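**Q** sequence and predicted structure below; questions after.
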Amino acid sequence: MSRDADILLVVDVQNDFCPGGALAVAGGNQVVPLINRLSGRFAHVVLTQDWHSPKHQSFASVHPGRQPFEMAELPYGAQILWPDHCVQGTRGAEFHADLDTRRAELVVRKGFRPSIDSYSAFFENDRRTPTGLGGALRERGVRRLFIVGLATDFCVRYSAEDARRLGFDAVVIEDACRGIDTGGSMAATTASFRQNGVRVVTSSALDQEAA
Ligand code: VGL
Ligand code: ZN
């Protein structure tokens, strides 16, 4: 697993997605020790960081009368409205204090355009505006991504789908992820992974493969 064509993609392990944060994912903090252990075993580690402008259009607070977790129609399509979270420069947007970021070679910040959300590490939610990660990984000869982090049913899911769409192999390490689960999103994620050829493994199965 230290193959040069593999990377570990660590998605949005930030305070706001951990207990006590603005968009807390149940058990979000529990992935940290496991991800730290995994990152020591990969030759290449890339992080993503949800990094919203203040008054971002994905925030329910900017839509009068709307509540978090409701759906809205934005110019690029349907969008879930979220509590304000991961605002640039805030504590909530910082990586979890125990996440070992020392070996990260690249940090992809996303969601900074005020009018469009970005779940995926590769494309914003119009699914066309690239972040640049696809080109960066291709130029470096990466062929396979192992994906971990928060949240399973949003940023992990969209990143894995887009990785497949771009022709990379995608492996989600499920016990190193936690989900939000709103409106059937976890079930939809399981179905999507199956349909799109995203492999789902446990970290212990990976340990055995490597042994
Ligand atoms: C995420 C909702 C809004 C995620 C980010 O990291 O999965 N979810 N912004
Ligand atoms: Zn966000």
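**A** Yep, that arrived. Ligands and ions are numbered 1, 2, ... in the order given.
**Q** top helix in this structure by residue count?
**A** Longest among the helix segments of the chain by residue count, using DSSP state H, is helix 185-196.
**Q** which other helices and strands does that helix contact?
**A** helix 157-165, strand 199-201 (3 or more CB pairs under 8 Å, 6 or more residues apart in numbering; DSSP states H and E). Where C-beta positions appear, they are placed from N, C-alpha and C, glycine not excepted.
**Q** so what touches whatever helix or strand comes next after the last one?
**A** Beyond strand 199-201 in the direction of the C-terminus, DSSP states H and E gives the next helix or strand as helix 203-210. Here helix 203-210 makes contact (CB atoms under 8 Å, 6 or more residues apart in numbering) with 1, 34, 37-38, 41, 146, 173, 175-176.
**Q** between the helices and strands packed on helix 185-196, which gets nearest to ligand 1?
**A** helix 157-165 (8.0 Å; CB to the nearest ligand atom).
**Q** ok, back up a step: for the contacts of helix 203-210, name the two members farthest from one another.
**A** Greatest spacing in these, by CB to CB: M1 and D175 (15.9 Å).
**Q** for this structure, what lies in contact range of ligand 1?
**A** 12, 17, 50, 82, 119, 150-151, 154-155 (CB under 6 Å from any ligand atom).
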